[in-house]
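A.B. asks: just coords:
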């Protein structure tokens, strides 16, 4: 962890000028004067004991750019600051002539400045990261069947590739959740995406089965931080736009999944058109990851909420000033204070109170179900397409013997990848559905509805439908699975305090992500023995998720991030 801290500090020092307009002067006796080297919109009070009357007399530590007059400065909206202040200090604010200095939290400032071009850029960058990580995860759905035939693998070895990838996702959730809270959101994003990019290239060069499994595991460790991109974006977004912003980000995820199917069609669908096969596919997957790293290194800021919570008001003020400039809004006047100043969160904090324990357990169960349904749909789709003469979903039953005979192995063809693309496109209407329901019906009710819908989609498969109805059932299941994933990520980002938000979502994704480990067992093994049992597992788990969602103790719709105290 010390090495990570040193790397984070080095990145921040080198690239700070890349996403701010300011450089801190050597004299930092005042907390916000240090952030105003070339700006006239900050008025600083270095000691909280100074009176409001003393401010009007221009104290010595007041910044006065280019000889500007006090009257000119007073015409501009200004921030005043109290370094390392918390909400408990509000009763001790200096007053003068019966006038109190207004106090502002980061939430207050974000709500005042509203939604604008600055957040659009933030969502675009975070969305690019999510799209790139989506490609890293979804490539597992086509990698297994391709390697199975090329390397003459058994069914259990094919399943082991997916299990290794899902284990990497689980570990990444836990590891990067802690890194996000300890070393910052910006550093966590750069580190996780850079890690995935590096091991994508290494995976593409794997020549032996064991090394392939190990490299797939390491590649997906970085992708485990994908859901934490929502934590980053949420901390910049006003309450009224939060659900919309997260839905837009999920369109990037769906775009990454669709792009994976298109690229797979190019590299794997027509064997004579493009050389390289699955290696070229995985190498191509690394390109968006490297693109994000290049852009984020220069343009991705730390979140002001994280900075102020960790006792860094100078950094928070710099970001908020750029925020105001790009949104073409005036900065409000007042002392910027933190709701609370904490060290980084700990996992045991998630079980500190009865309400917190119940919330954490419920979210873990829901994520378990959501991950199982989403990735189960992805892998089950390719399994069905790989069976050459399938007439219905139930025809997978008894196919174990055929799959053990590698001479009968059939790789996916162009029309299979086209069908895979069509089922992947189901994510877009699923996300559109989320946009319309999460604010109207609330987070909890939305989760109950979409999880019950997944149970209905897989319930259709119990009756052994034909290929067309099977495709339709998977289309509906995938649409609702991504809707449920979107909603629970939004809920988790809203419910927890800032200091443990990333740790909490990472921990819940780690525990709940264990559902992914059972997916290859069900899709690669159980469904070939009894398709009815496989379908029944999906139905029962979806019903469990819906009941758990109904038990969530708090509805977060319309609440600011600082409003909840679990």
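C.D. replies: Structure's in. What do you need? Remember, predicted model here, so these are calculated numbers, not experimental data.
A.B. asks: CA only for contacts and neighbour counts going forward, please
C.D. replies: Will do.
A.B. asks: What distance do you get for the residue positioned nearest the centre of the chain to residue 490?
C.D. replies: The centre of the chain sits closest to residue 227, judged by CA atoms, centre = their mean, with a distance of 2.6 Å. Separation of residue 227 from residue 490 (CA to CA, to the nearest Å): 10 Å.
A.B. asks: go on, residue 103?
C.D. replies: 28 Å.
A.B. asks: if you count what's nearby, which of the two comes out ahead?
C.D. replies: Taking other CA atoms under 10 Å, residue 103 and residue 490 do not tie; residue 490 has more neighbours (24 against 20).
A.B. asks: Identify each buried residue in the helix or strand where that one lies, please.
C.D. replies: Here residue 490 sits within helix 467-495, counting by DSSP states H and E. Neighbour counts over helix 467-495 (16 or more other CA atoms under 10 Å) mark 470-495 as buried.
A.B. asks: any low-confidence regions in the protein?
C.D. replies: Scanning the chain with the threshold set as pLDDT under 70 gives 1-101, 270-276, 338-345, 383-412, 560-566.
A.B. asks: need the strands for it, in chain order.
C.D. replies: Per DSSP state E, the chain carries strands over the ranges 79-86, 95-96, 99-100, 103-104, 334-338.
A.B. asks: what packs against the last one?
C.D. replies: Going back to what we said before, that points to strand 334-338. Counting by 3 or more CA pairs under 8 Å, 6 or more residues apart in numbering; DSSP states H and E, the packing neighbours recorded for strand 334-338 are strand 79-86, strand 103-104, helix 106-113, helix 304-309.
A.B. asks: between it and helix 106-113, what angle do the directions make?
C.D. replies: Calculated by axes from the mean of the first three to the mean of the last three CA atoms, to 10 degrees, strand 334-338 forms an angle of 130 degrees with helix 106-113.
A.B. asks: so what strands line up beside strand 334-338?
C.D. replies: strand 79-86 (parallel), strand 103-104 (parallel) (DSSP bridges).
A.B. asks: coming back round to it: check contacts around the residue nearest to the centre of the chain.
C.D. replies: Shown in contact with residue 227 (CA atoms under 8 Å, 6 or more residues apart in numbering): 130, 489, 505.
A.B. asks: of all the residues you listed, which comes closest to residue 419?
C.D. replies: residue 130 (23.6 Å; CA to CA).
A.B. asks: For the closest one, grab the count of nearby residues.
C.D. replies: 31.
A.B. asks: what packs against the helix holding residue 490?
C.D. replies: Using 3+ CA pairs under 8 Å, 6+ apart, helix 467-495 sits against helix 229-234, helix 242-264, helix 354-386, helix 414-424, helix 427-437, helix 443-460, helix 498-512.
A.B. asks: wait, residue 265 sits on residue 281?
C.D. replies: No. Counting by CA atoms under 8 Å, residue 265 sits too far from residue 281 to count as a contact (9.7 Å).
A.B. asks: hang on, the earlier thing: could you dump the contacts of residue 227 to a markdown table with distance to residue 223?
C.D. replies: Shown next, in a markdown table, are the contacts of residue 227 (distance: CA to CA, whole Å):
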| residue | distance to residue 223 |
| --- | --- |
| 130 | 9 |
| 489 | 15 |
| 505 | 14 |
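A.B. asks: my guess is residue 376 contacts residue 523, does it?
C.D. replies: Yes. Using CA under 8 Å, residue 376 makes contact with residue 523 at a distance of 6.8 Å.
A.B. asks: Now do the same contact list for the nearest residue to residue 122 once chain neighbours are set aside.
C.D. replies: Using CA to CA, 6 or more residues apart in numbering and skipping the chain neighbours, the partner closest in space to residue 122 is residue 233 (6.8 Å). Residue 233 sits next to 122, 123, 126, 245, 246 when contact means CA under 8 Å, 6+ apart.
A.B. asks: Thank you, goodbye.
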